[in-house]
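Peer 1: Okay, sequence plus prediction incoming.
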Amino acid sequence: MIDGIIALYIFMLAGFTGYEVIAKVPVILHTPLMSGSNFVHGIVLVGAMVALFNASNHLEQAIGFIGVVMAAGNAVGGYVVTERMLEMFKASGSKKS
C-alpha cells in the first residue's frame, strides 16, 4: 500500500502538472478539450462503481455511493457544459425555439 506522504506527493504533482498543461491551451481549443475529456468522467464513474461493488462494510459503501453520485454529476455536467459551449458557435437563426 502507498504511504500517506507518497500519495500526497503524487496528488500534488498531478495537480501541478494538470494545471500547467491546461494553462497552456489556447482559448479557442477549450471547447474541443472539454468535449474530448468527457470520456475521462465516464472512466471515473466506472471506477467509483467498481469501488462501491467491492466495498465490504457500511463506511466503504457510503464512501463508494458518494463517489458514484459525484462522478455521475461530473459526467453529466461535462456534457451539459459542452452542449452550452457548442450552442454559442451556432448561427443565431438556427437556435431552437
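Peer 2: Okay, I see it.

Peer 1: I'd like to know which elements the lowest-mean-pLDDT helix or strand in the chain is packed against.
Peer 2: For the chain, counting by mean pLDDT, DSSP states H and E, helix 30-53 ranks last in confidence among helices and strands (a mean of 80). Packed against helix 30-53 by the contact rule (3 or more C-beta pairs under 8 Å, 6 or more residues apart in numbering; DSSP states H and E) you find helix 58-87. All C-beta spots, glycine's among them, are computed from the backbone N, C-alpha and C.

Peer 1: Direction-wise, compare the helix it packs on with helix 30-53 and give the angle.
Peer 2: 160 degrees (axes from the mean of the first three to the mean of the last three C-alpha atoms, to 10 degrees).

Peer 1: check contacts around the residue nearest the centre of the chain.
Peer 2: Geometric centre of the chain, nearest residue: H41, 4.0 Å, by C-alpha atoms, centre = their mean. The contact partners of H41, taken as C-beta atoms under 8 Å, 6 or more residues apart in numbering, are A71, N74, A75, G78.

Peer 1: Contacts only, for the nearest residue to the last one once chain neighbours are set aside.
Peer 2: I take that to be G78. Spatial nearest neighbour of G78, chain neighbours left out: N38 (4.4 Å); criterion: C-beta to C-beta, 6 or more residues apart in numbering. Applying C-beta under 8 Å, 6+ apart to N38 gives the contacts A75, G78, Y79, T82.

Peer 1: CA atoms only: put stretch 14-31 into CSV for me.
Peer 2: Output in CSV follows, covering the C-alpha atoms of stretch 14-31 (Å, rounded to 0.1, in the frame of the first residue of the first chain):
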residue,chain,number,x,y,z
ALA,A,14,-0.6,15.5,-10.7
GLY,A,15,-2.3,18.7,-9.7
PHE,A,16,0.6,21.0,-10.7
THR,A,17,1.1,19.0,-13.9
GLY,A,18,-2.5,19.3,-14.9
TYR,A,19,-2.6,23.0,-14.2
GLU,A,20,0.5,23.6,-16.3
VAL,A,21,-0.9,21.6,-19.2
ILE,A,22,-4.3,23.2,-19.2
ALA,A,23,-2.9,26.7,-18.7
LYS,A,24,-1.0,26.4,-22.0
VAL,A,25,-4.1,25.6,-24.1
PRO,A,26,-5.3,28.5,-26.3
VAL,A,27,-8.8,29.8,-25.6
ILE,A,28,-10.1,28.6,-29.0
LEU,A,29,-9.3,25.0,-28.1
HIS,A,30,-11.1,24.8,-24.7
THR,A,31,-14.4,23.6,-26.3
